[in-house]
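**Student:** Prediction below, plus the sequence it came from.
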Amino acid sequence: MDRNTAGCAFHDPRIVVGMDVMAGIEELVRELSPEHRREALDFVTYLLQKQKRKQGGPLRQTWAGALRQYRDTCTVLDLQRESLSWRTG
């Protein structure tokens, strides 16, 4: 399967192997009614927002070691219980 068509849920005979993805999208969108074009635009906007959420920056662990002073006085279980009380009020 061509990298341009990999992952497609179905094959449309109007889209030929090796065809540029954008050209294929444009060809199919031209056939849509104005209402369905709006839906397609909304869906592409959704995909862009989803992509931006996944592109978060590198994981920062600035908190690492912040509780070092409590190492000898609290256990992990104590901290879990305390954090649960903060969330439940």
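**Tutor:** Nice, I can see it.
**Student:** list the buried ones in stretch 37-55?
**Tutor:** Neighbour-count burial for stretch 37-55, counted by 16 or more other Cβ atoms under 10 Å, picks out no residue. Placement of C-beta: from N, CA and C, glycine included.
**Student:** Touching that stretch from outside, list them.
**Tutor:** 29, 32 (Cβ atoms under 8 Å, 6 or more residues apart in numbering).
**Student:** make it 10 Å
**Tutor:** 25, 28-33 (Cβ atoms under 10 Å, 6 or more residues apart in numbering).
**Student:** now that stretch, how far from the chain's geometric center?
**Tutor:** Remark: stretch 37-55 is offset 10 Å from the chain centroid, using Cα atoms, centre = their mean, to the nearest Å.
**Student:** So for it, mean pLDDT?
**Tutor:** Average pLDDT, stretch 37-55: 91.
**Student:** And for stretch 62-78?
**Tutor:** Per-residue pLDDT values over stretch 62-78 give a mean of 84.
**Student:** Export only the CA atoms of that stretch, formatted as PDB.
**Tutor:** The C-alpha atoms that make up stretch 62-78 are tabulated as PDB, following Å, rounded to 0.1, in the frame of the first residue of the first chain:
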ATOM      1  CA  THR A  62      10.400  20.400  38.100                       C
ATOM      2  CA  TRP A  63       8.700  18.900  41.100                       C
ATOM      3  CA  ALA A  64      11.200  16.000  41.300                       C
ATOM      4  CA  GLY A  65      12.800  15.900  44.800                       C
ATOM      5  CA  ALA A  66      10.400  18.600  46.200                       C
ATOM      6  CA  LEU A  67       9.300  16.200  49.000                       C
ATOM      7  CA  ARG A  68      12.700  15.000  49.900                       C
ATOM      8  CA  GLN A  69      12.400  16.600  53.300                       C
ATOM      9  CA  TYR A  70       9.500  14.300  54.200                       C
ATOM     10  CA  ARG A  71      11.200  11.100  53.100                       C
ATOM     11  CA  ASP A  72      11.700   9.900  56.700                       C
ATOM     12  CA  THR A  73       8.300  11.100  58.100                       C
ATOM     13  CA  CYS A  74       5.800  10.200  55.400                       C
ATOM     14  CA  THR A  75       5.200   7.100  53.300                       C
ATOM     15  CA  VAL A  76       3.800   7.100  49.800                       C
ATOM     16  CA  LEU A  77       0.500   5.800  51.200                       C
ATOM     17  CA  ASP A  78       0.300   8.800  53.600                       C
END
